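> got a predicted model here, sequence first, then my questions.
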Amino acid sequence: MTGGFGDRLRTALDARGPLCVGIDPHAALLDAWGAPQSAEGVRGFALRVVEASAGRVAAVKPQVSFFERFGSRGFAVLEEVLRAARAAGLLVIADAKRGDIGSTNEGYAEAWLAPGSPLESDAVTVSPYLGGGALGPVLDRAVGAGKGVFVLAATSNPEGAELQRALTAGGASVARRVAEDVVRAGSAEGLGPVGLVIGATVDRTSFGLDDELLAGVPILAPGFGAQGAEPEDLARRFGPLARNVLASESRSILSAGPEGIADAIDARVAHYREVLGV
């Protein structure tokens, strides 16, 4: 691993385009793939997704919950999948949505971002709702270890909008306050190590997330594919920020099955490249 997370992400985006493949081995997809409902079924599923993604996309995003449901065996599989994906040259974003305070956050940072950790990833998703300042240990670890963090800001699920658009005492939305609190921690030339999760199905400006605030900020954008956003929404929703966005898709690609997933990825990558004109 060389360079900081922002530099590695910039290189991957420029070389492979914005697609981030979600590794989401939930029960219905395991059934559709003919895989058993077990840790071993998850292993075969996830490693096939890694194989199909390698050399084709910038990043993969394992959803930790679908491994965690199988307990220690599931976590052992997740460790193997994380290693395999990173060895294949993919950026790995652990979709763990961790977030707490003090020493607890230090533990999460050690687990997901420390070099040599069994769960070592290139970046991790975190929740800021115990206060942006409470994320300090995770942000510090990311900056110090050349890793990345994606902080939930304006998510793609409809239930999130009421809370995330709510106004703080200072008049800014909660989403904007989160962004202001954490983005400064990762300021850098080019892309920094601290990014935001902003759904592709929401109007980010209605959350107070404007172009000036987000300049140089990596954006992880769920909502593409099965949730309704199309590649054209990358330009429509993010405008001049589009080249800094990882467009996350899972079911829309994974539903192609083990034999069709590589072709599905190739088709989607071509579509995003056409939209961006690259």
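Thanks, I have the structure now.

> drop to CA atoms for contacts and neighbour counts, all remaining ones
Will do.

> report how many residues lie close to residue 86.
19 (other C-alpha atoms under 10 Å).

> surely residue 225 touches residue 252?
Yes - Residue 225 lies in contact with residue 252 (C-alpha atoms under 8 Å); the separation is 5.1 Å.

> and the helix or strand where residue 274 lies, what's buried?
Element membership of residue 274, judged by DSSP states H and E, is helix 257-276. Of the residues in helix 257-276, 257, 258, 261, 262, 264, 265, 268, 269, 271, 272, 276 count as buried by neighbour count, 16 or more other C-alpha atoms under 10 Å.

> any chance of those residues in a markdown table, plus distance to residue 193 and pLDDT?
Listed next are those as a markdown table, based on distance: C-alpha to C-alpha, whole Å; pLDDT from 0 to 100:
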| residue | distance to residue 193 | pLDDT |
| --- | --- | --- |
| 257 | 33 | 97 |
| 258 | 33 | 97 |
| 261 | 30 | 98 |
| 262 | 29 | 98 |
| 264 | 30 | 98 |
| 265 | 26 | 98 |
| 268 | 26 | 96 |
| 269 | 24 | 97 |
| 271 | 27 | 96 |
| 272 | 24 | 96 |
| 276 | 23 | 91 |
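
> where in the stretch 51-200 of the chain is pLDDT low?
Low-confidence segments of the stretch 51-200 of the chain (pLDDT under 70): 186-189.

> what segments of it are helices?
Remark: helices assigned in the stretch 51-200 of the chain by DSSP state H, counting those that start in this stretch are 65-68, 71-87, 102-113, 136-145, 161-165, 174-183.

> dump the buried residues of helix 257-276 to JSON lines, plus distance to residue 52.
Converted to JSON lines, the buried residues of helix 257-276 look like this (distance: C-alpha to C-alpha, whole Å):
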{"residue": "257", "distance to residue 52": "11"}
{"residue": "258", "distance to residue 52": "9"}
{"residue": "261", "distance to residue 52": "7"}
{"residue": "262", "distance to residue 52": "5"}
{"residue": "264", "distance to residue 52": "10"}
{"residue": "265", "distance to residue 52": "8"}
{"residue": "268", "distance to residue 52": "13"}
{"residue": "269", "distance to residue 52": "13"}
{"residue": "271", "distance to residue 52": "17"}
{"residue": "272", "distance to residue 52": "18"}
{"residue": "276", "distance to residue 52": "23"}
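
> quick check: residue 253 touching residue 265?
Yes - at 6.6 Å, residue 253 counts as touching residue 265 under the criterion of C-alpha under 8 Å.
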